[in-house]
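Undergrad: any chance you could fold what I've pasted below:
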Amino acid sequence: MDIRDWESFHDRRIREAQDEGKFENLRGAGKPLNLKNNPFRNSSWDVLEDVLAEANFMPEWVQDVREIDGAYQSICEALERSLNWCRDGEVLLAKRHDPAAQQEHNLLEDERRRALYRFSEGIVEIN
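TA: Got it, this is the predicted structure:
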């Protein structure tokens, strides 16, 4: 199982576009977005939002989302490392035909199950 199996359709499409370089050399790349010209934005909040932005204020929900995203990224990376390690071990074991190879295969299967369990536990903790 590849970590990309956990991606949503939209995440996959965005990642594929990134891999194909479709986001390279976009106009305004590396510059902050101008959100002042948003037709859905209530202009009476402009002054307050400017003051809060200057004070580096971040709403609690934004901080929470960042923490959740960081935790999710961390457990995804840990799962991917474990699954890659197991896959690499299987490749090496495929070349062997000695009795110990089956025992090592079983150990890799156990590690794969533990990695998926740790991932599931991480998801439960995030939620």
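Undergrad: can you give me the mean pLDDT across the helix or strand harbouring residue 11?
TA: Taking DSSP states H and E as the definition, residue 11 sits inside helix 9-19. Here helix 9-19 scores 85 as its mean pLDDT.
Undergrad: just the CA trace of it, in CSV.
TA: Below are the C-alpha coordinates for helix 9-19, written out as CSV (Å, rounded to 0.1, in the frame of the first residue of the first chain):
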residue,chain,number,x,y,z
PHE,A,9,-9.3,12.6,-5.6
HIS,A,10,-8.6,16.4,-5.5
ASP,A,11,-5.4,15.9,-3.5
ARG,A,12,-4.2,13.4,-6.2
ARG,A,13,-5.1,15.8,-9.0
ILE,A,14,-3.2,18.6,-7.4
ARG,A,15,-0.2,16.4,-6.7
GLU,A,16,-0.2,15.1,-10.3
ALA,A,17,-0.3,18.7,-11.6
GLN,A,18,2.6,19.6,-9.3
ASP,A,19,4.6,16.6,-10.5
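Undergrad: now do the following helix or strand past it: distance to the chain's middle.
TA: The element immediately downstream of helix 9-19 (helix or strand, assigned by DSSP H and E) is helix 46-54. In terms of CA atoms, centre = their mean, to the nearest Å, the gap separating the centre of helix 46-54 from the centre of its chain is 31 Å.
Undergrad: can you check stretch 114-127 too?
TA: For stretch 114-127, the distance to the chain centre is 14 Å (CA atoms, centre = their mean).
Undergrad: repeat that for stretch 13-32.
TA: Centroid displacement of stretch 13-32 relative to its chain, using CA atoms, centre = their mean, is 17 Å.
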